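Visitor: task: produce atomic coordinates for the following.
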Amino acid sequence: MKRLLCTFLLCLLAFTAHAEGFTASVDRSQIDSGEMVELTLESDDTTLFGKPDLSPLDDLFDVYGTRQVNRLTTIDGASHATTSWIVTISPKHSGYVVIPPITLDDKTTAPITLHVQEASAKDPKGKMAPVFIDASLDKESVYVQAQAILTLRIYHSVSLYDDSSLTALDIPDARVEQLGKPRTYEKQINGVRHGVIELRYAIFPQKSGTLDIPAQTFSATTVGRSNPNDFNPFGPRPGKVARVKSSVIPLTVKAKPASYPSDAPWLPASALSLAESWSPEPDNAKVGDSLTRTVLLKAEGLSSAQLPALPQTQPTGFKRYPDQPQLSNETSDHGVIGSREEREALVAKQTGKVELPPVEVVWWNTDKDQLERTSVPARTLNIAANSEISADPVPEAALPAPTSTGQLVWPWQLACFILSLTTFIGLALWWYARHQPAISRVAPTGPSPRTLLDDIKRACSANDTQASRAALDAWARQQPETLADMAARYEPLSAELHNLNGALYSETAQQWQGDALWQAVRSLPALAPSEATQSPENSVLPALYPR
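Guide: Sure, this is the predicted structure:
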């Protein structure tokens, strides 16, 4: 149980560290020594400029490269710009290594903890082919219906096209679940940098004996050509088709132990917990109160479909109304964690002490290889009397008989009251509608001119042609004249728009610099009053495809 809680806490602290407007995250929190991790620094604060200070990484990490990604999205007329820096790093030491806080202007990220393990002796360091595959199981033997984790790693020291494929893992006598999405990272092997594609599967054998994990075949086209002048974008892809195959792995599946109770469901798990919660707390319960009792069963190494219904108890002194169970699965570094939540409403119907029996689950601890019992202990509730509810029901014979006059009068009075109320509500709505305008005024929405100018500045600083053009168009739509009119009366802006259009629709986009365009927008003279009344129909847009 302590290991499960530590794993959850580590994942919570490691994968994402937030600061307002500036965040840091890593793609993996547990790695082997020599592997590379991608640290992503992202800012959505438009007031932050410059680049993050990466000098704190030098003491504990090797920094291999940094790339910047700018995104500008528009949702419901509002522009949202984000800037990301993706830093490829590799820890210099094993153990628990902390990524220190990274600073950008006055914003600082929170530290992130990585668990760096020593390289396993099973690493394929002798296999130096351009592409090879390695498969391993976390256990050599498991009990029937227990979990075994298969890790498949594909190493490649050459670039691959996106046409790669992997055969499906199909095992007739086992149930297979993929654990999350494939991971990609880099690792140094014998001084050579390799890209790694990692896939993990949870395998649940359904019968005892020897289970063979079948070989998996990976195929992809390697990037490479002998003569760059012979490249044809419409012809077949140059390079060779690499096809590698993993080895067959035997797995010993043990039968259910004879000491396991025959009348209990078979639950082989590495950890199991049982928790109880109440809403509201039953300490001050009274007769007639409705109490919601929730019991949560969580097992590490089992899916929710394998968890049985909890033992049903009918406590005396309560009316019980059970709800449908809620099943869910989550994945962690230890595989599948299944959860089953059962909820019931209990209504107290008598005063005094009410005994709630314990809820016990029998399971087999696969780590310790022994039988264990986990339970919610019994509980005694003191139900108090409710002054609003009579403890002893009054016999019907003692109730006064209703008079015939009362039976005839009250339906007529109720009908008159309902008719009067609906009439009054209708008159009030009619009076309110008469004083409302025929067409409601809608306040203009959209980003402010200052925000749009900040978008232009950010896009030009990043030398992003597409984002600069989109930001210019959004800004021009809020101006009294068109972008063509502004370019016609201000020569520097016209020249920079011509350069931007040329970069958009030619191969010079990588060489375009946006500082001059931003200076032209900032220096644009104000529109004269006589020109402000000029009809926009006389303006002509600049050529979209400049010659």
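
Visitor: please identify the buried residues of the lengthiest helix in the chain?
Guide: The single longest helix within the chain, with elements called by DSSP state H, is helix 404-434. Across helix 404-434, burial judged by 16 or more other C-beta atoms under 10 Å covers no residue at all. Using the backbone N, CA and C atoms, a C-beta is placed for each residue, glycine as well.

Visitor: next one: stretch 282-299
Guide: Result for stretch 282-299 [16+ other C-beta under 10 Å]: buried residues Pro282, Ala285, Val287, Asp289, Leu291, Arg293, Val295, Leu296, Leu297, Lys298, Ala299.

Visitor: now do stretch 68-85
Guide: Asn70, Leu72, Ser79, Ala81, Thr83, Trp85.

Visitor: right, and the pair among these with maximum separation?
Guide: Largest separation among the buried residues of stretch 68-85 by C-beta to C-beta: Ser79 and Trp85, giving 20.7 Å.

Visitor: need the residues that contact the helix or strand hosting Val97.
Guide: Take DSSP states H and E as the rule and Val97 turns out to sit in strand 95-99. Identification of contacts with strand 95-99 by C-beta atoms under 8 Å, 6 or more residues apart in numbering yields 24, 26, 39, 57, 60-61, 89, 91, 111-116.

Visitor: same question for stretch 109-118.
Guide: Under the contact criterion C-beta under 8 Å, 6+ apart, stretch 109-118 has outside partners 10, 13-14, 17-19, 22-26, 29-33, 37, 39, 41, 91, 93-102.

Visitor: buried ones among those residues?
Guide: Looks like these have 10, 14, 17, 19, 22-26, 29, 31, 33, 37, 39, 41, 91, 97, 99, 101-102 buried, using 16+ other C-beta under 10 Å.

Visitor: tell me which of those residues fall in strands.
Guide: Using DSSP state E, the subset of the buried ones among the contacts of stretch 109-118 located in strands is 17, 19, 22-26, 31, 37, 39, 41, 91, 97, 99.

Visitor: give me the lowest-pLDDT entry from those residues.
Guide: The member of these with the lowest pLDDT is Ala19, at 43.

Visitor: ok, Asp464 touching Trp512?
Guide: No - with contact defined as C-beta atoms under 8 Å, Asp464 does not reach Trp512; the gap is 9.0 Å.

Visitor: low-confidence ranges in the stretch 101-250 of the chain?
Guide: 119-128, 224-239 (pLDDT under 70).

Visitor: of the ones in strands among the buried ones among the contacts of stretch 109-118, closest to Leu419?
Guide: For those, the nearest to Leu419 is Thr23 (61.3 Å; C-beta to C-beta).

Visitor: give me the nearest residue to that closest one, chain neighbours excluded.
Guide: Counting by C-beta to C-beta, 6 or more residues apart in numbering, the nearest residue to Thr23 once its immediate chain neighbours are dropped is Glu42, at 5.1 Å.

Visitor: can you tell me how far that neighbour is from Ala202?
Guide: 31 Å (C-beta to C-beta, to the nearest Å).

Visitor: got the domain ranges for the chain?
Guide: 2-117, 131-225+237-254, 268-383, 450-525 (automatic domain parsing).

Visitor: could you export those as a markdown table, including distance to Ala415?
Guide: Conversion of these to a markdown table gives the following (distance: least, C-beta to C-beta, whole Å):
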| stretch | distance to Ala415 |
| --- | --- |
| domain 2-117 | 49 |
| domain 131-225+237-254 | 62 |
| domain 268-383 | 32 |
| domain 450-525 | 60 |
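
Visitor: out of these, nearest to Leu429?
Guide: The nearest among those, by C-beta to C-beta, is domain 2-117 at 31.6 Å.

Visitor: please enumerate the strands of the stretch 351-500 of the chain.
Guide: Along the stretch 351-500 of the chain, counting by DSSP state E, counting those that start in this stretch, strands occupy 352-356, 359-365, 370-376, 379-383.

Visitor: which among those strands is found nearest to Trp412?
Guide: strand 379-383 (43.2 Å).

Visitor: which strands or helices does the closest one pack on?
Guide: Strand 379-383 sits against strand 352-356, with contacts defined as 3 or more C-beta pairs under 8 Å, 6 or more residues apart in numbering; DSSP states H and E.

Visitor: Asp105: neighbour count?
Guide: 15 (other C-beta atoms under 10 Å).

Visitor: distance of it relative to Thr40?
Guide: Distance from Asp105 to Thr40, by C-beta to C-beta: 18 Å.

Visitor: which residues of the chain score low on pLDDT?
Guide: 1-20, 34, 46-49, 76-77, 119-128, 224-239, 389-410, 437-446, 506-510, 528-547.

Visitor: mind listing the helices for it?
Guide: Taking DSSP H as the criterion, the chain carries its helices at 2-14, 404-434, 449-461, 465-476, 483-489, 491-504, 515-522, 529-532.

Visitor: quick one, the third one and helix 491-504 angle?
Guide: Between the direction of helix 449-461 and that of helix 491-504, the angle (axes from the mean of the first three to the mean of the last three C-alpha atoms, to 10 degrees) works out to 60 degrees.

Visitor: give me the contacts around helix 449-461.
Guide: With C-beta under 8 Å, 6+ apart, helix 449-461 has contacts from 46-47, 49, 70, 72, 79, 81, 83, 447, 467-468, 470-472, 474-475, 478, 514-515, 517-518, 521.

Visitor: please repeat the previous calculation with a cut-off of 6 Å.
Guide: 46, 79, 81, 467-468, 471, 474-475, 478, 514, 517-518, 521 (C-beta atoms under 6 Å, 6 or more residues apart in numbering).

Visitor: can you give me the buried ones in that helix?
Guide: Across helix 449-461, burial judged by 16+ other C-beta under 10 Å covers Leu452, Asp454, Asp455, Ile456, Lys457, Arg458, Ala459, Cys460, Ser461.

Visitor: what angle separates that helix from helix 465-476?
Guide: Interaxial angle, helix 449-461 versus helix 465-476 (the same axes, to 10 degrees): 160 degrees.

Visitor: can you give me how far helix 449-461 is from the chain middle?
Guide: Remark: helix 449-461 is offset 30 Å from the chain centroid, using C-alpha atoms, centre = their mean, to the nearest Å.
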